[in-house]
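>>> predicted structure and sequence below. I'll ask about it afterward.
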Amino acid sequence: MMTAAMLVGATSCDKEAGNDGSESLGTGMLKVTLDFAKPSSNAATYAPTASTAKPSTTWQGNIKSLAIFFTDNTGVIKSAQTIPYDLNNDLLAQTKTVQGVPVGTYDVYVFANWDQGDYDWSVAAAKGRQIKDLYMRALTNGDYAGYKHQTSEANSNGYKEAPEVFVAKHSNITIAADQTVTDSTPYQLTRIVSLVRVRIDQSQDNANNHNDLINFQDVNASLRIRRINTGINLLYTDATRTTTTNRTETDAKNAVFFAKGAFKNSEPTGGYSTGTVLTDQFKSWNDVILFPAGSATVGAEKLDVVVTGITTADYVPAGYPKTIGGVLVEKAPAGSQIAWAGAVTAELTGNGILELNLTLLSAGQWVDPTNPDKPLPEPQEYGNLEIKVGLVEWGAIQQVNIEL
């Protein structure tokens, strides 16, 4: 059960000139209650293959920084402070002090983990800026440059996971001089990022596709999600995604989340709720946090998932045997990189979980990052796509089932 965290404002009687030379009319304080948003009691579930384990939420495990911003009716930041908090492995109430709030009426924002990505602003320098201009961006992934395909991905940039940003807002809060103002309604800290869970079933039709020869626990396995958004401003809501999220790249497919390394193949032992991740024949998985992105209908904005594993023996990839440079090539040798790709006909929404169930029915595509004849699969080359989509709230799971 998630419980509230409380900030209690202490009395301040300072009446001195402001930093900009203006006369201060005095300061007051604000008492607020912080809480984590909870899932709906009637959130949908999807049988029979849905996973049930969800990342847990605690002050110690999820919160890296906390700040509070006060803006006027034009969105200009009039005051900003960091908020101390206790690193408790729970969600019990925490009583803290917010002092020296300028007298006035404000929209009040609380941001958690605002400083965990790439950003060009700080709490100390935020006063006077527009709240809508406070962007944060995913960090670039240095592993990608040495691993990407040198022709089919020549113009692509690789990114790490997005920071797990939480936001809460209350409007029209009035601070009076030398008084404690109690804002009794909890500030519901809600994620503005999304969780993507990728699960792989490689057990189907192995007599023909031999996909049981692929090792997704190899250190050179990888996960890509293309067409991601690489930035978000802190005013994000699902309804304003087109104006509050962005990407650095002009061509969406060149904005790539990238993770190199073994997929997990066992249930989590910590940091998750009770339940399971691996069901039925899904034996490999990864969870990643991304900014909201994707589309259910616009092809150029549909997210695009690519998984690669490593062959443990000779393997016949899709399109083989074939002649390359006058030489008949029948198989990919052990140690080769094999890829599957598929479009995702669903959006990533703030505070949502999207589960991608990848069932490998066909042979994969042989990929060699240095060989132009072995490129990464392109979006227009996808086939065998079957999709089920259910829109759910955080705490339940929205599934997309993709046969590749």
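Sure thing, it's come through.
>>> list the beta-bridge partners for the nearest residue to Ala124 once chain neighbours are set aside.
The shortest distance from Ala124 to any residue other than its chain neighbours is 7.8 Å, reached at Ala80 (CB to CB, 6 or more residues apart in numbering). Heads up, the C-betas are built off the backbone N, CA and C, glycines and all. Ala80 forms beta bridges with Phe69, as assigned by DSSP bridges.
>>> gap between Ala80 and Thr237?
Distance of Ala80 to Thr237, computed by CB to CB, to the nearest Å: 21 Å.
>>> between these two, point out the one with more neighbours.
Ala80 (23 against 14; other CB atoms under 10 Å).
>>> how much space separates the residue of the chain positioned farthest from its centre from Ala318?
Distance to the chain centre peaks in the chain at Gly326, reaching 45.9 Å (criterion: CA atoms, centre = their mean). Per CB to CB, Gly326 is found 21 Å from Ala318.
>>> what does Arg227 give?
Going from Arg227 to Ala318 by CB to CB gives 23 Å.
>>> who has more neighbours out of these two?
Arg227 (25 against 16).
>>> would you agree the more buried one is in contact with Ala293?
Yes - using CB atoms under 8 Å, Arg227 makes contact with Ala293 at a distance of 6.6 Å.
>>> shared neighbours, those two?
Residues touching both Arg227 and Ala293 comprise Glu301, Leu303, with contact defined as CB atoms under 8 Å, 6 or more residues apart in numbering.
>>> from the chain's centroid, how far away is stretch 199-216?
Centre-to-centre, stretch 199-216 and its host chain are 28 Å apart (CA atoms, centre = their mean, to the nearest Å).
>>> likewise stretch 320-328?
Taking mean C-alpha positions (CA atoms, centre = their mean), stretch 320-328 and its chain are 42 Å apart.
>>> how about that stretch: buried residues?
By neighbour count on 16 or more other CB atoms under 10 Å, the buried set for stretch 320-328 is Tyr320.
>>> what mean pLDDT does it have?
Averaging pLDDT along stretch 320-328 yields 91.
>>> the residue lying closest to Val344 once chain neighbours are set aside: neighbour count?
Once flanking residues are discounted, Val344 sits nearest to Leu303: 4.1 Å by CB to CB, 6+ apart. Residues near Leu303, counting by other CB under 10 Å, number 26.
>>> swap in Ala313?
Per other CB under 10 Å, the neighbour tally for Ala313 reads 13.
>>> is it true that it touches Ser336?
No - using CB under 8 Å, Ala313 is not in contact with Ser336; the gap is 10.1 Å.
>>> quick check: beta-bridge partners of the spatially closest residue to Asn246 that is not a sequence neighbour?
Distances taken as CB to CB, 6+ apart place Gly231 nearest to Asn246, at 4.7 Å, with adjacent residues excluded. Gly231 has these beta-bridge partners by DSSP bridges: Arg137, Asn246.
>>> list the contacts of the helix or strand Asn357 falls within.
Assigned by DSSP states H and E, Asn357 belongs to strand 353-359. The contact list for strand 353-359, computed with CB under 8 Å, 6+ apart, reads 49-51, 54, 194-201, 204, 282, 305, 307, 340, 342, 344, 346, 348, 392, 394-404.
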